[in-house]
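Undergrad: build me a structure from this.
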Amino acid sequence: MTRSLIMLSILPLCTGREYDPDLPWKHLQMFYNQFPHLKPSSDRSYGEVCWGYERSCRTDQRYSNHSCPGDYTGWAESRADAELIFYKQADFGYIAERREEIHEFCSVREEHRQSSLRCASNLQFCEAKNMLLDLRGLDSKKLSENLRYRMDVLKEGDILLNCDIDLTKLKEEQRFMSPLQSWAPELRNARESDSPIDVSSSNCDLYIDKPVYIMKLDAYVNMYHHFCDFFNLYASLFLRSTNGADMFDTDNQVLIWENFPYFSNFGSTWRAFTKNPILNLKDLAGKRICMKDVVFPLLPRMLYGLYYNTPIITGCRDSGLFQAFSEFIIHRLGIQTNPPVSKLRVTLLSRSTKHRRIVNVEELVSALDATGRFHVSLARFDHRTDFVEQLQILRNTDILAGIHGAGLTHMLFLPAWAGVFELYHCDDPACYSDLARLRGLKYITWQNEDKLFPVESQDGGYGGPAHQKFRNYKLDVTEFLRLAEQLEDRVRNDERYITARGNKVDPTAFNGIKEEL
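TA: Purely as a prediction, here's the structure:
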């Protein structure tokens, strides 16, 4: 078999140019304070700010601006306690706790043994160096079997590390034997190699000298679920052991842990993380792949994970980690942000699916238009709509409105002052209200079900669990307008909105509603 080589040497400086991590300005401040050896030679000051997970980071220096203005009864005895709980559950405090969990499973007793395996609790995040992945057993399966969500992709010894592995400790961490909850199904197969694993090894059919991110994905046809993948990949960048130069570098290799070609309308988001083509198991089946650096990122459906299954304390809001993710994606994808104008920019999501359509959506648009205070865009996003174009619209939206559905995940990329109007939560009230809280956005939903009129589909409807999601709806126009105007007041009163607009109007002039949960 012909031996292949993919090589990269990441250096902070090259050809006389200063290192550029390609981050938003606010993020550059934290990055250069964390890695001062990478700072540009200019005299520019970056202030005393930090992400928040660094051990030396003081509370008053943190990037985060979370708060607990609502009811946290049953969770905490004081506001300070509530804020600390939220910080650890859903902010950079979560990163700090995962970093504290990381420990080494490899010991090196001889000089020539150079592999390592570091993992957080329950193998929910891991990082390996000098690892061999043997995929020769997949050669006969790559075309005939679906390997997605399979826990038997590998067998014992298909992962090799040149070190003394503490197999007892590794087994103790295999509590969550599930495809999207941990890396236990894969790493239980790790065994020791007596031979070095490096570029000179004869056991390597392919050697990759750039960081490899192995991804087990959730449902990537659905924006809500696929952005669980992207968010946890972003969070994992802060868990890596790094000198900074490769922390946000895009010259890496993403390997999707399935054998069918990846296609998603949200696939352009990968450009924020990698500049190289995405690989999957089919591309590498039949080979022994040796990798210098391997990352097993946080997974989308972890118990007590972030985003999906997040047990968020009530009454708290505004995660700095979620805000950072939003700004990172917007920056990396080159989305332009325009200042607000006199009319609030409303994007109303219109579904083209069989269920959860608003049958009188045109009436709602006309009612908003008639006030003279809104500029309304009716968004009919589907697989033909370029995702970057979608983000360009949403980043320049003041109010996002839509019925319960994955399209509301666009709220991740709204401006900080924006509001979300979930027209009806379809008996799933926490999903998008929690996401709005994580992003620190204003949120409102339908309150009077006497003014909400279900319309059964032509197939006779559905009476099973979650049946409210299998209907269409007609909304009372007057009630819709009343709620929209409540949200309008809250947006117009936001100091960030006023500042962004360059508006000198007294915010109390809008009969404002106190911002609370």
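
Undergrad: the stretch 101-250 of the chain: strands as residue ranges?
TA: Listed in chain order, the strands of the stretch 101-250 of the chain (DSSP state E, counting those that start in this stretch) span 103-104, 106-107, 116-119, 126-134, 159-161, 164-165, 190-192, 206-208, 212-215.

Undergrad: out of those, which gets the lowest mean score?
TA: Averaging pLDDT over each of the strands of the stretch 101-250 of the chain singles out strand 106-107 as the lowest, with a mean of 90.

Undergrad: give me the residues contacting that strand.
TA: Here strand 106-107 makes contact (CB atoms under 8 Å, 6 or more residues apart in numbering) with 115-117, 161, 163-166. C-betas here are computed from N, CA, C, even on glycine.

Undergrad: repeat that with 7 Å
TA: Contacts to strand 106-107, defined as CB atoms under 7 Å, 6 or more residues apart in numbering, come from residues 115-117, 161, 163-165.

Undergrad: that one pairs with which strands, parallel or anti?
TA: If you go by DSSP bridges, strand 106-107 pairs up with strand 164-165 (antiparallel).

Undergrad: distance between the partner strand and the chain's centre?
TA: Strand 164-165 has its C-alpha centroid displaced from the chain centroid by 33 Å (CA atoms, centre = their mean, to the nearest Å).

Undergrad: format the strands of the stretch 101-250 of the chain as CSV; extra columns: distance to residue 436 and mean neighbour count.
TA: Supplementary listing: these in CSV, determined by distance: least, CB to CB, whole Å; neighbours: other CB atoms under 10 Å:
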stretch, distance to residue 436, mean neighbour count
strand 103-104, 36, 13
strand 106-107, 43, 16
strand 116-119, 33, 22
strand 126-134, 32, 23
strand 159-161, 41, 23
strand 164-165, 44, 18
strand 190-192, 41, 17
strand 206-208, 40, 21
strand 212-215, 27, 22
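
Undergrad: so which of the contacts of strand 106-107 comes closest to residue 288?
TA: Distance from residue 288 was checked for each of those by CB to CB. The minimum falls on residue 161, at 13.6 Å.

Undergrad: who's in contact with the closest one?
TA: Counted by CB under 7 Å, 6+ apart, residue 161 has contacts 106, 115, 117, 128, 131, 190, 192-193.

Undergrad: and it, what are its bridge partners?
TA: Listed beta-bridge partners, residue 161: residue 131, residue 192 (assigned using DSSP bridges).

Undergrad: what about it, distance to residue 203?
TA: Plainly put, residue 161 is 13 Å away from residue 203 if you go by CB to CB, to the nearest Å.

Undergrad: kindly report the same for residue 34.
TA: With the distance defined as CB to CB, residue 34 ends up 37 Å from residue 203.

Undergrad: who's more crowded, the two?
TA: Legend: neighbour count by other CB atoms under 10 Å for residue 34 and residue 203, higher for residue 34 (18 against 13).

Undergrad: need the nearest residue in space to the more buried one, chain neighbours excluded.
TA: Ranked by CB to CB, 6 or more residues apart in numbering and with sequence neighbours excluded, the top spatial neighbour of residue 34 is residue 54, at 6.3 Å.

Undergrad: since we're on the one you found, how many residues are nearby?
TA: Burial of residue 54 is recorded as 18 neighbouring residues (other CB under 10 Å).

Undergrad: swap in the one 3 residues further on?
TA: A total of 20 residues lie near residue 57 under the criterion other CB under 10 Å.

Undergrad: my read is it is in a strand, agree?
TA: No - Residue 57 is assigned coil when assessed by DSSP: H, G, I helix; E, B strand; the rest coil, not a strand.

Undergrad: got the contact list for it?
TA: Contacts of residue 57 by CB under 7 Å, 6+ apart are 50-51.

Undergrad: and the gap between it and residue 200?
TA: Counting by CB to CB, the gap from residue 57 to residue 200 is 41 Å.

Undergrad: and if you look at residue 41?
TA: Here the distance between residue 41 and residue 200 works out to 37 Å (CB to CB).

Undergrad: OK, contacts around residue 103?
TA: By CB under 7 Å, 6+ apart, residue 103 lies in contact with residue 118.

Undergrad: how about low-confidence regions in this protein?
TA: Within the chain, the ranges that satisfy pLDDT under 70 run 1-17, 43, 109-112, 458-466, 503-517.

Undergrad: ranges for the helices of it?
TA: Counting by DSSP state H, residue ranges of the helices within the chain are 25-34, 79-90, 92-101, 167-172, 184-187, 223-237, 281-284, 320-332, 361-371, 387-395, 430-439, 477-492, 495-501.

Undergrad: which elements pack onto the third one?
TA: Meaning helix 92-101. In this structure, helix 92-101 packs against helix 79-90, helix 320-332, with contacts taken as 3 or more CB pairs under 7 Å, 6 or more residues apart in numbering; DSSP states H and E.

Undergrad: next one: the fifth one
TA: Contact here means 3+ CB pairs under 7 Å, 6+ apart; on that basis helix 184-187 packs against no helix or strand.

Undergrad: ok, and what's touching that helix?
TA: With CB under 7 Å, 6+ apart, helix 184-187 has contacts from 123, 126, 151, 154, 159, 170, 174, 176-177, 179.

Undergrad: ok, 6 Å please
TA: 123, 151, 154, 174, 177 (CB atoms under 6 Å, 6 or more residues apart in numbering).

Undergrad: and the residue lying closest to the third one once chain neighbours are set aside, backbone torsions?
TA: To tie it back to what came earlier, the one meant is residue 154. In space, residue 154 comes closest to residue 189 once its chain neighbours are excluded; the distance is 4.5 Å by CB to CB, 6+ apart. According to degrees, to the nearest 10, the main-chain angles of residue 189 amount to phi -90, psi 0.

Undergrad: show me what contacts residue 189?
TA: Remark: with contacts taken as CB under 6 Å, 6+ apart, residue 189 is in contact with 154, 156, 158-159.

Undergrad: and it, how far is that from residue 71?
TA: Taking CB to CB as the criterion, residue 189 is separated from residue 71 by 47 Å.

Undergrad: same thing with residue 34?
TA: Taking CB to CB as the measure, residue 34 and residue 71 are separated by 36 Å.

Undergrad: ok, residue 27 next?
TA: Between residue 27 and residue 71 the computed distance is 33 Å (CB to CB).

Undergrad: could you give the number of residues near the closest residue to residue 293 other than its chain neighbours?
TA: Of all residues beyond its chain neighbours, the one nearest residue 293 is residue 211 (4.4 Å), with distances taken as CB to CB, 6+ apart. Residues contacting residue 211 under the criterion other CB under 10 Å number 23.

Undergrad: likewise for residue 311?
TA: Each residue near residue 311 was counted by other CB under 10 Å, and the total is 12.

Undergrad: for residue 145, same thing?
TA: Neighbours of residue 145 under the rule other CB under 10 Å: 12.

Undergrad: from residue 502, how far off is it?
TA: Between residue 145 and residue 502 the distance, using CB to CB, works out to 60 Å.

Undergrad: now do the contacts for the residue lying closest to residue 483 once chain neighbours are set aside.
TA: Closest residue to residue 483 in three dimensions, ignoring its sequence neighbours and counting by CB to CB, 6+ apart: residue 444, at 5.7 Å. Residue 444 sits next to 421, 483, 487 when contact means CB under 6 Å, 6+ apart.

Undergrad: try 8 Å this time
TA: Residue 444 makes contacts with 419-422, 483, 486-487, as judged by CB under 8 Å, 6+ apart.
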